[in-house]
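1. Quick one, fold the following:
(one chain, ligands or ions: 1)
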Amino acid sequence: MMDQFNLRYSRLSKLVLVPLIILPLLILQIASSDLDSDRQSLIAFANSVPHVRELNWNASSSVCSWFGVTCASDSSRVIALRLPGTGLYGPIPANTLGKLDALRTLSLRSNFLSENIPADISNMTFLENLSVQNNNLSGNLPISLPSSLIVVDLSFNSLSGQIPDLNLPKLKRFNISNNNLNGSIPNSLQKFPNTSFAGNSLLCGTPLPPCSRFFLSPSSPPLESSPTPSTRSSTNNLSTGVIIAIAAGILTVLMLLALFVLVCMLRKKSNQSNGVRRAKEKSSNGGRIEKAVEKSSSGAREAEKNKLVFFEGCSYNFDLEDLLRASAEVLGKGSYGTAYKAVLEDGTLVVVKRIKDVTIGKREFEQQMEIIGNIRKHPNVLPLRAYYHSKDEKLLVFDHVPTGSLGFHLHANRESGRTPLNWESRVKIALGTARGLAHIHKEGGSKFTHGNIKSSNILVTQELDTRVTDFGLAPLMNFPAIPRNMVGYRAPELIETGKSSQKSDVYSFGVLLLELLTGKAAVPSIGSEEILDLPRWVQSVVREEWTAEVFDAELMNYPKIEDEMVHMLQIAMACVVKSPDQRLKMDDVIKMITDLGQPDSENRPSSEDRSKDSTLVTSPLEET
Ligand SMILES: Nc1ncnc2c1ncn2[C@@H]1O[C@H](COP(=O)(O)OP(=O)(O)OP(=O)(O)O)[C@@H](O)[C@H]1O
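-> Numbers count the residues shown, from 1 in each chain. Purely as a prediction, here's the structure:
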């Protein structure tokens, strides 16, 4: 009896107890293998995507404690990955992040990620928040995104093609502004404001202006492609009288247009001659600036026939004779000629640039001077005060900035215990330069370029206010008009074609930012190391993960600036992207530098946010 009971008991215990013990173990094992697979995916991602900031994803520590990683409360899966502003470079490889199929939040904003958004993102069937704004992502949008998405931010990338009719029923926030998208906005996304789509010049339809027939919404009814029979017949039935009337109308409009253009041209010409004040001509020789001018030419004799041309708003009261009598000290020899500090007899101090190798004629020279001189006043731009043109001499007159150039402050006397340019000053100079350059671009017109952005052309006042100088001179020389002294600042397409553009100016500006960050010169100069290709050098250092070596040793003593430096590095690298169209625009640069160091809850989590309890799951609407 007892034996029978024992037998039954042992069978029962096998039936009940074994599953009771084994099942949880099995569940645990499955859970741990899921977490292990998440770990593998993250490691594969980190191994194939270079990054400026170290991630500290050690195989020995728990994946749930890794930087930027958040796990579910039972530590079974990775549910959030937040790596904003980490300096991630290059494409997001397929089969890495796409395998994190329990992810709810993916935030990779403000990096340098490029190429397509991988299609396997659609495997993340729980994804609620996708924030990849401020990268260089390109190509078409994936045709399907997880239907669980609540927040999608893809703004400030280079995405192109049409927006597919995505099935995102839960979507509450959507931003795809500032890309290269075209076509019409699908019906399902038309409920979002126009700021969600702005900055895509070829995008149309509600909430943007209506589409032409070439850009139909994937979900809107097709437009009639051919005229209706009634319109066709009415066209065919136009009487000869009507046709003659239309022809006469067109002819009148054309004549009026021609008249209008003629009047405009005459007006412009008279404005130009009124826009300048010509200085009184005197005829006297001898003076030290004149000696510099006279050496090789009959400049002084020519001067008698020519005039010093001042621009409006200039308060100088001297003439060519005064200038020629001024004492002169050479400031330096540049790509366009020699710059002198000239002290006039009444004590007025100016800088005179003697331009050589001008290959264009007088009229073209004057036209270019008019464009430069008429750029309106701006606190960050050094205005051209006057110019002089004769057969043998070409002179430009500027205000003197006694405190010298950024190049001087950054590179001179490094070894001799000087007071280094601190981080705050560097940010102020970067911002001033960006503002000055943006103003020059706007005022000069879309074809007008600075053409010679480099640290010796960024003058810095006592108060660290920036004055951008030496702009618009490249067209005075014939093709290829690339200043010799700007080797390390030249954009790849400028080297190739010899033509500067506003985009090649952005590239040079990016190199200037790298110069501010690294303290290394982009042109060979006395007392500085010869690193001529700063973008390439920085990229190689970042790739090898020697991040700390990128930054100027002089900056290392300032506390709590690492975040700002990394962010500035990102701005710089987004200016020196190889493809001109993918470079930042100066207005965006200004905004980004202005935002530097501001607590940016919308765009940047603070370090406290990053170290939050890994089990804390916040609403995706709050955690972009
Ligand atoms: N208005 C100014 N006030 C004070 N220093 C100036 C002024 N303009 C130029 N300089 C300084 O004079 C030196 C020579 O200037 P210059 O513009 O001729 O040559 P560069 O800047 O070295 O090269 P590039 O001619 O290619 O621009 C530079 O160190 C420059 O910073």
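2. Return the set of buried residues in stretch 532-552.
-> 532, 534-535, 537-539, 541-542, 547, 550-552 (16 or more other C-beta atoms under 10 Å). C-beta coordinates here come from the backbone N, C-alpha and C atoms, glycine included.
3. and residue 476, how far is that from the ligand?
-> 12 Å (C-beta to the nearest ligand atom, to the nearest Å).
4. Can you report how many residues neighbour the residue of the stretch 51-200 of the chain found nearest the ligand?
-> Minimum separation of the stretch 51-200 of the chain from the ligand (C-beta to the nearest ligand atom) falls at residue 112, amounting to 30.2 Å. Close neighbours of residue 112, defined as other C-beta atoms under 10 Å, add up to 24.
5. correct me, but it touches residue 575?
-> No: between residue 112 and residue 575 there is no contact under C-beta atoms under 8 Å: 11.5 Å.
6. Pull the contacting residues for the residue in the stretch 451-600 of the chain that the ligand sits nearest to.
-> Closest residue of the stretch 451-600 of the chain to the ligand, C-beta to the nearest ligand atom: residue 456 (3.6 Å). Residue 456 makes contacts with 332, 334, 405-408, 485, as judged by C-beta atoms under 8 Å, 6 or more residues apart in numbering.
7. List only buried entries from those residues.
-> Neighbour counting by 16+ other C-beta under 10 Å classes 334, 405-407, 485 among the contacts of residue 456 as buried.
8. and which of the contacts of residue 456 is nearest to the ligand?
-> Using C-beta to the nearest ligand atom, the contacts of residue 456 come closest to the ligand at residue 334, 1.9 Å.
9. For the closest one, give me the backbone phi and psi.
-> For residue 334, the backbone dihedrals (degrees, to the nearest 10) come out as phi -110, psi -170.
10. pLDDT wise, what is it at?
-> Residue 334 is assigned a pLDDT of 81 by the prediction.
11. Hmm, residue 470 and it touching each other?
-> Yes: in this structure residue 334 lies within contact range of residue 470 using C-beta under 8 Å: 7.4 Å.
12. can you confirm residue 114 is in a strand?
-> Yes: using DSSP: H, G, I helix; E, B strand; the rest coil, the secondary structure at residue 114 is a strand.
13. In terms of helices and strands, where is residue 459?
-> Applying DSSP states H and E as the criterion places residue 459 in strand 458-460.
14. now do residue 338
-> strand 337-343.
15. repeat for residue 424
-> Residue-wise, residue 424 maps onto helix 423-444 under DSSP H and E.
16. those helices in the stretch 451-600 of the chain, which residues are they?
-> 492-497, 502-518, 534-543, 547-550, 562-575, 586-595 (DSSP state H, counting those that start in this stretch).
17. Turn those helices into TSV, including distance to residue 92 and mean pLDDT.
-> Output for the helices of the stretch 451-600 of the chain, formatted as TSV (distance: least, C-beta to C-beta, whole Å; pLDDT from 0 to 100):
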stretch	distance to residue 92	mean pLDDT
helix 492-497	25	90
helix 502-518	23	97
helix 534-543	17	88
helix 547-550	21	79
helix 562-575	17	93
helix 586-595	22	96
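18. where does the nearest residue to residue 364 once chain neighbours are set aside land on pLDDT?
-> Spatially, and ignoring its direct neighbours in sequence, residue 364 is nearest to residue 475 (7.9 Å; C-beta to C-beta, 6 or more residues apart in numbering). On pLDDT, residue 475 comes in at 87.
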